[in-house]
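In: After the sequence you'll find the predicted model.
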Amino acid sequence: MHWDYYWYEIRRYITASLYFLCSYGAAWLVLLTKQELCSRQVVGPGRMVRLSDRRHLSYTEATLMEIQRLSNIAIFTIPHVAVCDTTINGFKIPKNTILIPSLISVHFDETIWRDPKVFNPERFLNQNNDIINKENLIPFSLGPRICPGESLARSELFLIFSNLLHRFEFSKVDPADILSFEGITGITTTPSPYRLKAELR
Ligand code: HEM
């Protein structure tokens, strides 16, 4: 595959994620006080949020994880091919079968998540505010072909999301606006159109 195609897809993934972060404005309105408390105490008003603050901002981290779980910008992985005959959960998979694992089915699996359609960052936190349930969140896929950009993407999303929350207060443009949690799915999923007001804190 040509690099231009890769970069095109990578840009789409990052921008789709960012649009989704913003589209979860409805949830932000509820979470903002908690978020703000969290980031103001750790960071203070005089500077930007840095990567080194990340381990102290577990609520922000959990919120990002929950947005990725619900938004599923990559519903499926890239197609893979079985290199040998194998069996998965009792299903025989002959060599050379094309496999397209579904990531969304893991993220909405009721045997893994309680109320999987409900936005609840706290499912990723224990009583001590430590991150839990990481292993069940797979927006970057799994195994040898896992997205090689995971670490870069997660750092970028953390920095942009936490700094936006730190510097701006978000609200609906019109109280009657409906902030939809549904996305539009093509090769990647992007959020439905929405409007938000951002005011400098
Ligand atoms: C939120 C952002 C991103 C998400 C959700 C994401 C997700 C994914 C997923 C699900 C795959 C398919 C893995 C598989 O087939 O099993 C993939 C592949 C890939 N990603 Fe990402 N990605 C993101 C950002 C990035 C970034 C920033 C880079 C590079 C800097 C990148 C580079 C790649 C490459 C090169 C592949 C193909 C790997 C292969 O075929 O072996 N991705 N990504």
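Out: Here it is on my side, so go on.

In: what stretches of the chain score poorly on pLDDT?
Out: Applying pLDDT under 70 to the chain flags the ranges 1-37, 180-181.

In: Find the closest residue to the ligand in this protein.
Out: At 2.0 Å from the ligand, residue 149 is the closest residue in the chain, using Cβ to the nearest ligand atom. All C-beta spots, glycine's among them, are computed from the backbone N, C-alpha and C.

In: so how far is residue 71 from that residue?
Out: Distance, residue 149 to residue 71, by Cβ to Cβ, to the nearest Å: 17 Å.

In: Looking at those two, which one has more neighbours?
Out: When neighbours are counted by other Cβ atoms under 10 Å, residue 149 and residue 71 differ, and residue 71 comes out ahead with 23 against 14.

In: Compute the distance between the more buried one and residue 189, please.
Out: The gap separating residue 71 from residue 189 is 7 Å, by Cβ to Cβ.

In: same deal with residue 168?
Out: Residue 168 sits 25 Å away from residue 189, taking Cβ to Cβ as the criterion.

In: same question, residue 150
Out: Applying Cβ to Cβ, the value for residue 150 to residue 189 is 18 Å.

In: So the two - more neighbours on which side?
Out: Ranked by neighbour count (other Cβ under 10 Å), residue 150 and residue 189 place residue 189 first, with 18 against 12.

In: ok, and the closest non-adjacent residue to the residue sitting nearest the centre point of the chain?
Out: Nearest to the mean C-alpha position of the chain, counting by Cα atoms, centre = their mean, stands residue 68 at 1.8 Å. With Cβ to Cβ, 6 or more residues apart in numbering as the criterion, residue 68 has its nearest non-adjacent residue at 4.4 Å, and that residue is residue 139.

In: same deal with residue 147?
Out: Nearest residue to residue 147 in three dimensions, chain neighbours excluded: residue 140, at 3.9 Å (Cβ to Cβ, 6+ apart).

In: just the helices in the protein please.
Out: For the chain, the helices defined by DSSP state H occupy 3-23, 25-43, 58-71, 103-107, 150-167.

In: what about the nearest residue to residue 174 once chain neighbours are set aside, distance to residue 117?
Out: Computed as Cβ to Cβ, 6+ apart, the closest residue to residue 174 that is not its neighbour in sequence is residue 195, at 7.7 Å. Distance check for residue 195 against residue 117: by Cβ to Cβ, it reads 24 Å.

In: likewise residue 159?
Out: Counting by Cβ to Cβ, the gap from residue 159 to residue 117 is 29 Å.

In: Likewise for residue 86?
Out: Applying Cβ to Cβ, the value for residue 86 to residue 117 is 32 Å.

In: Have a look at these two and say which one is more surrounded.
Out: The neighbour comparison of residue 86 against residue 117 (other Cβ under 10 Å) goes to residue 86, with 13 against 9.

In: can you pull the contacts of the closest residue to the more buried one other than its chain neighbours?
Out: Leaving aside its sequence neighbours, residue 86 sits nearest to residue 93 (Cβ to Cβ, 6+ apart; 5.0 Å). Shown in contact with residue 93 (Cβ atoms under 8 Å, 6 or more residues apart in numbering): 82, 85-87, 99.
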